[in-house]
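**Student:** Here you go, sequence then predicted model.
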Amino acid sequence: MTDNNPTDLPVAVTSVIGVSQYLQIATFDVENSYAYNTLAATENANPLFWDDAVAQELTSGRILPPTTLSLWMRPHYWEPGAEGEQVALQVHFDLKKIFELPEAVMTDNTIIFYEPVRAGDRISNSQVLKSVSGPKTTKLGSGRFWVIDVEFKNQHGALVGIESYTGFGYRRDQEVAAS
Amino acid sequence: MTAEARILLDQVAVGQSLPELAIDVTPTTVVLGALASRDWRPMHHDYKFATERNGVADIFLNTPNQAAWFERYVTDWAGPRARLGRMKFRMKTSVFPGHRMVFTAIVTAVSTDSAGCGWVSIDVALSVGAAEADPSSYVVASTCEVRLALPDSSTDNPWSRSGEQWVP
């Protein structure tokens, strides 16, 4: 991925590189039940998340496991008034549409953790497209890589984390051959 | 359960290995992890979508759940006073039901920053293969570089740091 932001990118892409988009505020408060789901899914016995006395001593009360960061901004699968699939990383899906790449996977993920997230917090985030590669072919198919940064804050405006995703949008090779 | 430090910074050295962790992956592992992270994308719960649309072998572990597994692995070793600062992982191949996940890791750096916070850098490898296969045949599915704050004494608490005192 050495040719980030090549010259063949459409204006719809170049015009949003480096621009903060889709500022969103979560539609629900942070809650401990999601901590339990994640802890159960990973068999994580860290007493910081299970024991009130430990949480009180170390973090002045319960916090959520740091790696639950992204889930607070993931939309409900359905809610009244919503139409179509609700997606979390809209820039990623915008790029799939612009480049007409029906499939995509994430290949790299960097997460930097700042202030802990606590039950009752209301998280917000925004997305910044950092780069898009030229055409690439991998074992999955042909497409492009892109990097998207997501900045998360709590209701006090404090930074709680930054995530950076590298995605690969692609068309499977047999689809290329058939098209 | 206790908040006591499990490992102090001066008990860690470059080259030190973390204990191995092996987990057998089932469809439930994948679906539970996806739904716990509110990831409703069908490749994490719908076999036909994953195989016929995505062209992969099965449903597969989603990104946030891999992050949660890495968190569990390093904090199992380091204890509740350890605080994640940063993790950077690369997924080379997917983790499917039927795989055995094996986490291994090595400490690559030990340092103290200008704010006085102690840090260890850890390279974690997540290898996968059929549960009944020879582990020497396993392939590395993901790698993860972790920057983890550790207490430098029995009374130090990295969680108490914020603002300029926390530089992850």
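**Tutor:** Arrived safely. Residues are numbered from 1 along each chain as shown, chains lettered A, B, ... in the order given.

**Student:** pLDDT wise, what is A:Ser179 at?
**Tutor:** Listed pLDDT for A:Ser179 reads 34.

**Student:** Next up, phi/psi of B:Leu150, please.
**Tutor:** For B:Leu150, the backbone dihedrals are phi -120, psi 150 (criterion: degrees, to the nearest 10).

**Student:** Tell me how far the closest residue to it other than its chain neighbours lies from chain A.
**Tutor:** Closest residue in space to B:Leu150, ignoring its immediate chain neighbours: B:Leu9 at 4.6 Å, by Cβ to Cβ, 6 or more residues apart in numbering or on different chains. (Glycine included, C-beta is placed from N, CA and C.) As judged by Cβ to the nearest Cβ, to the nearest Å, B:Leu9 and chain A stand 17 Å apart.

**Student:** how much space between B:Leu9 and A:Lys136?
**Tutor:** Here the criterion is Cβ to Cβ, to the nearest Å. By it, B:Leu9 lies 42 Å from A:Lys136.

**Student:** So A:Arg62: helix, strand or coil?
**Tutor:** For A:Arg62, the assignment made with DSSP: H, G, I helix; E, B strand; the rest coil gives coil.

**Student:** I'd like to know how many residues surround the residue lying closest to it once chain neighbours are set aside.
**Tutor:** Setting aside the residues directly before and after it, A:Arg62 is nearest to A:Ala55 in space (Cβ to Cβ, 6+ apart), at 4.7 Å. When counting by other Cβ atoms under 10 Å in any protein chain shown, one arrives at 20 neighbours for A:Ala55.

**Student:** In this structure A:Ala55 contacts A:Gly61, no?
**Tutor:** Yes - the criterion here is Cβ atoms under 8 Å, and A:Ala55 meets it with A:Gly61 at 5.8 Å.

**Student:** B:Val146: which element?
**Tutor:** strand B:139-150 (DSSP states H and E).

**Student:** what's the closest residue to A:Tyr77 other than its chain neighbours in contact with, if anything?
**Tutor:** Leaving aside its sequence neighbours, A:Tyr77 sits nearest to B:Trp40 (Cβ to Cβ, 6+ apart; 4.7 Å). Contacts for B:Trp40 (Cβ atoms under 8 Å, 6 or more residues apart in numbering or on different chains) come out as A:74, A:77, B:34.

**Student:** Please indicate which of those are buried?
**Tutor:** Buried residues within the contacts of B:Trp40, counting neighbours by 16 or more other Cβ atoms under 10 Å in any protein chain shown: A:74, B:34.

**Student:** Can you tell me which of the contacts of B:Trp40 is nearest B:Ala22?
**Tutor:** B:Ala34 (21.3 Å; Cβ to Cβ).

**Student:** hang on, the earlier thing: can you list the contacts of B:Trp40 in a markdown table and add distance to B:Trp166?
**Tutor:** Below are the contacts of B:Trp40 laid out as a markdown table (distance: Cβ to Cβ, whole Å):
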| residue | distance to B:Trp166 |
| --- | --- |
| A:Arg74 | 26 |
| A:Tyr77 | 35 |
| B:Ala34 | 31 |
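
**Student:** Quick check: longest helix in chain B by residues?
**Tutor:** Longest helix in chain B, counting residues (DSSP state H): helix B:63-78.

**Student:** Give me the spatial nearest neighbour of the residue nearest to the spatial centre of chain B, chain neighbours excluded.
**Tutor:** Geometric centre of chain B, nearest residue: B:Phe70, 0.9 Å, by Cα atoms, centre = their mean. Nearest non-adjacent residue to B:Phe70, counting by Cβ to Cβ, 6+ apart: B:Cys144, 4.8 Å away.
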